[in-house]
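[1] Got a predicted model here, sequence first, then my questions.
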Amino acid sequence: MVHEAEGIQLWGNAIPGLFPAGSADPQSRAEPAIWTGKADFDAKAAALRDEAGKLAAFARAGDKAGFARGVAAVEAACAACHKVYRSG
């Protein structure tokens, strides 16, 4: 599961770059708040990256209980962003 957690960590790094200024598309599920609240959006992506890094560390250590907590933290980081910045 290390590889998967590291992939999520990389994704957290990449997310802000997927939404540069002027990239809004009416057909997208991205909310306009991504661009008006860019600092918060970027912070939420960083939180995902950080939680995924912790998840990878739990996986490397073979810490099953920590890994389970880490999965919940990654899911919460995803939900925190989607709740505000994704429609539908």
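    Arrived safely, thanks for sending.
[2] which intervals of the protein have sub-threshold pLDDT?
    The chain contains no residues with pLDDT under 70.
[3] Give me the residues contacting the lengthiest helix in it.
    Secondary structure of the chain per DSSP state H: the longest helix is helix 38-61. Residues from elsewhere that reach helix 38-61 (C-beta atoms under 8 Å, 6 or more residues apart in numbering): 1-2, 5-6, 8-9, 11-13, 15-16, 19, 21, 33-34, 66-67, 69-71, 73-74, 76-78, 80-81, 84-85. (Each C-beta comes from the backbone N, C-alpha and C, glycine too.)
[4] Next: stretch 74-81.
    By C-beta under 8 Å, 6+ apart, stretch 74-81 touches Ala5, Ile8, Gly12, Phe41, Lys44, Ala45, Ala47, Leu48, Glu51, Ala52, Leu55.
[5] buried ones in it?
    Within stretch 74-81, the residues scored as buried using 16 or more other C-beta atoms under 10 Å are Val74, Ala77, Cys78, Cys81.
[6] now swap in stretch 9-24 and tell me
    Using 16+ other C-beta under 10 Å as the burial criterion, the residues of stretch 9-24 that qualify are Gln9, Gly12, Ile15, Pro16, Phe19.
[7] now it: how far from the chain's centre is it?
    Here stretch 9-24 is found 10 Å from its chain centre; the criterion is C-alpha atoms, centre = their mean, to the nearest Å.
[8] Export only the CA atoms of that stretch, formatted as PDB.
    Provided in PDB are the C-alpha atoms of stretch 9-24 (Å, rounded to 0.1, in the frame of the first residue of the first chain):
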ATOM      1  CA  GLN A   9       0.700  12.200  -2.000                       C
ATOM      2  CA  LEU A  10       1.900  13.100  -5.500                       C
ATOM      3  CA  TRP A  11      -1.700  13.800  -6.500                       C
ATOM      4  CA  GLY A  12      -2.000  16.300  -3.600                       C
ATOM      5  CA  ASN A  13       1.100  18.100  -5.000                       C
ATOM      6  CA  ALA A  14      -0.400  18.200  -8.500                       C
ATOM      7  CA  ILE A  15      -3.900  19.300  -7.700                       C
ATOM      8  CA  PRO A  16      -3.300  23.000  -7.400                       C
ATOM      9  CA  GLY A  17      -1.600  23.100 -10.800                       C
ATOM     10  CA  LEU A  18      -4.700  21.600 -12.500                       C
ATOM     11  CA  PHE A  19      -6.700  24.700 -11.800                       C
ATOM     12  CA  PRO A  20      -4.700  27.700 -12.900                       C
ATOM     13  CA  ALA A  21      -6.300  31.200 -13.100                       C
ATOM     14  CA  GLY A  22      -8.600  31.400 -16.100                       C
ATOM     15  CA  SER A  23      -9.100  27.600 -16.400                       C
ATOM     16  CA  ALA A  24     -12.800  27.500 -15.300                       C
END
